[in-house]
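[1] Have a look at this prediction, sequence included:
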Amino acid sequence: MSESRLSDGSGVALGLAWYLFELKEDDEACRKAQQTGVFYLFHDLAPLLQASGHRYLVPRLSRAELEGLLGKFGQDSQRIEDSVLIGCANQQEAWFALDVGLNSAASKQASLPKSEVEAELGGSFVKLRQALFQLTSVDSSLLFTAQALLRWHDGHQFCSRSGQPTKKNMAGSKRVCPSNNLTYYPQMAPVVITLVTDGARCLLARQSSFPKGLYSALAGFCDIGESVEDAVRREVAEEVGLEVGTLHYSSSQHWPFPNSSLMIACHAAVKPGHTEIQVNQRELEAAAWFSLDEVATALRRKGSFPQQQSGALPLLLPPKLAIAHHMVREWVERQACASLAA
Ligand SMILES: NC(=O)c1ccc[n+]([C@@H]2O[C@H](COP(=O)([O-])OP(=O)(O)OC[C@H]3O[C@@H](n4cnc5c(N)ncnc54)[C@H](O)[C@@H]3O)[C@@H](O)[C@H]2O)c1
Ligand SMILES: [Mg+2]
């Protein structure tokens, strides 16, 4: 499910993994990589994008272009050291992300004026949530990572023990407090997302904040000390009052909203005959069992979020790039195979 941060997303290239490791560990090597690297720009966590028909392209700047831009706004190349490493194509092209709209406590360089930068570069800084459906899966995965890392740095500029400013290493893979050497590493919160089945149907639920008609799999943050299995069983019991029998892992995905989560997807079957749903109204607006036919029809429906219609709303499923969509598709395919084999 997840796109690789290495090369073109087609798999983990061993040499590149070693190279990225070196850049994270060695500030001088990373500084050198910034000379030949490319830079994705953000402004207050919104990525720079260029509209092209119905899609968004994600422009990248060379070091020279970035220096030129900063120079136009009276800033020097020191600002480039605020950038964070997000991947690489090869040893001559490391990828960095730089937010020119956040004020870094360390660099003390002011944010650049948004609309003037947009005019200069012929693009616009668009909120990532708004751009989701117009990005390729490779671009969205890269921007998810970049935004999550930039957000983490923005929120961890001070040591929680000493109150002193922390210092980012060159790659942005950690921050250290110079007064007590405490090291802080970027974090993701583990979240279990479970597609529950009773054999013939799958269980989908909605929160009141979802777009009208949209149902998804059950999701919930892992508690401290829990295994994935414990978290799945607790979340399913907590949200819909059902007891999980068997469960198995499916896949995982990094999800940047509202903060950085590692979504861990599992398929789970309820114990035979135990299918009565008790919706926890503090967490969910509704939950229901859906047949294979209903879910397969919803998957075939073009455009996930049509305008609200009058009367009964059709079942809408999460967009393709969400792991919930992937799980529903997996379940439908497995059911179809099982019925062919029968
Ligand atoms: N990518 C996908 O397909 C997909 C689908 C569904 C949900 N999600 C994500 O899963 C996440 C969790 O789902 P949920 O909202 O149902 O979780 P949930 O059922 O655990 O309920 C959320 C509540 O959990 C508490 N909580 C505990 N630890 C938290 C933490 N580290 N961060 C924030 N809140 C925490 C808060 O009180 C919060 O209101 C959501 O952020 C959502 O964006 C992703
Ligand atoms: Mg939940």
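    Thanks, I have it. Ligands and ions are numbered 1, 2, ... in the order given.

[2] Grab the nearest non-local neighbour of residue 36.
    In space, and not counting its chain neighbours, residue 36 is closest to residue 92: 5.1 Å by Cβ to Cβ, 6 or more residues apart in numbering. The way it works is simple: take the backbone N, C-alpha and C, and place the C-beta from them, glycine included.

[3] For that neighbour, grab the count of nearby residues.
    By other Cβ atoms under 10 Å, 10 other residues sit near residue 92.

[4] do you know how far it is from residue 138?
    20 Å (Cβ to Cβ, to the nearest Å).

[5] And residue 65, by the same measure?
    Look at residue 65 and residue 138: by Cβ to Cβ, they are 22 Å apart.

[6] same check, this time on residue 80
    For residue 80, the distance to residue 138 - Cβ to Cβ - is 24 Å.

[7] Neighbour count: the two, which is higher?
    More crowded of residue 80 and residue 138, by other Cβ under 10 Å: residue 80, with 20 against 14.

[8] Tell me who's in contact with that one.
    34, 39, 63, 66, 67, 70, 96, 98 (Cβ atoms under 8 Å, 6 or more residues apart in numbering).

[9] mind running it again at 6 Å?
    For residue 80, the contact set (Cβ atoms under 6 Å, 6 or more residues apart in numbering) comprises residue 34.

[10] same question, residue 335
    Taking Cβ under 6 Å, 6+ apart, one finds residue 292 in contact with residue 335.

[11] Buried ones in whichever strand in the chain runs longest, by neighbour count?
    As assigned by DSSP state E, the longest strand anywhere in the chain is strand 244-255. Across strand 244-255, burial judged by 16 or more other Cβ atoms under 10 Å covers 244, 247, 250, 252, 253, 254, 255.

[12] Which pair in the residues you listed has the greatest spatial separation?
    Spatially, the most separated pair among these is 244 and 254, at 24.8 Å (Cβ to Cβ).

[13] hey, where'd the helices end up in the protein?
    Using DSSP state H, the helices of the chain run over 14-25, 27-36, 63-72, 114-121, 128-131, 137-155, 228-240, 292-300, 323-341.

[14] Just the C-alpha atoms of the last one, please, in CSV.
    Taking only C-alpha atoms (Å, rounded to 0.1, in the frame of the first residue of the first chain), the coordinates of helix 323-341 have been written out as CSV:
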residue,chain,number,x,y,z
ILE,A,323,-6.0,2.6,3.1
ALA,A,324,-9.7,2.2,4.0
HIS,A,325,-10.5,2.1,0.3
HIS,A,326,-7.7,-0.5,-0.3
MET,A,327,-9.1,-2.7,2.5
VAL,A,328,-12.7,-2.6,1.1
ARG,A,329,-11.4,-3.5,-2.4
GLU,A,330,-9.4,-6.4,-0.9
TRP,A,331,-12.5,-7.7,0.9
VAL,A,332,-14.6,-7.5,-2.3
GLU,A,333,-12.0,-9.3,-4.3
ARG,A,334,-11.6,-12.0,-1.7
GLN,A,335,-15.4,-12.5,-1.6
ALA,A,336,-15.6,-12.6,-5.4
CYS,A,337,-12.8,-15.3,-5.5
ALA,A,338,-14.5,-17.3,-2.7
SER,A,339,-17.8,-17.3,-4.6
LEU,A,340,-16.1,-18.4,-7.8
ALA,A,341,-14.4,-21.3,-6.0
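
[15] That one and ligand 2 in contact?
    No - shown here: helix 323-341 not in contact with ligand 2 (Cβ under 5 Å from the ion), separated by at least 11.5 Å.

[16] just how off-centre is that helix within its chain?
    For helix 323-341, the separation from the chain centroid amounts to 24 Å (computed by Cα atoms, centre = their mean, to the nearest Å).

[17] who's in contact with stretch 21-37?
    Outside stretch 21-37, the residues touching it (Cβ under 6 Å, 6+ apart) are 63, 80, 85, 92, 94, 96, 169, 170, 171, 173.

[18] how many other residues sit next to the first one?
    When you say that, I think you mean residue 63. Using other Cβ under 10 Å, residue 63 has 16 neighbouring residues.

[19] Please tell me how far the nearest residue to it once chain neighbours are set aside sits from ligand 2.
    When the adjacent residues along the chain are set aside, residue 63 lies closest to residue 35, with 5.7 Å between them (Cβ to Cβ, 6+ apart). With distances taken as Cβ to the ion, to the nearest Å, residue 35 is found 46 Å from ligand 2.
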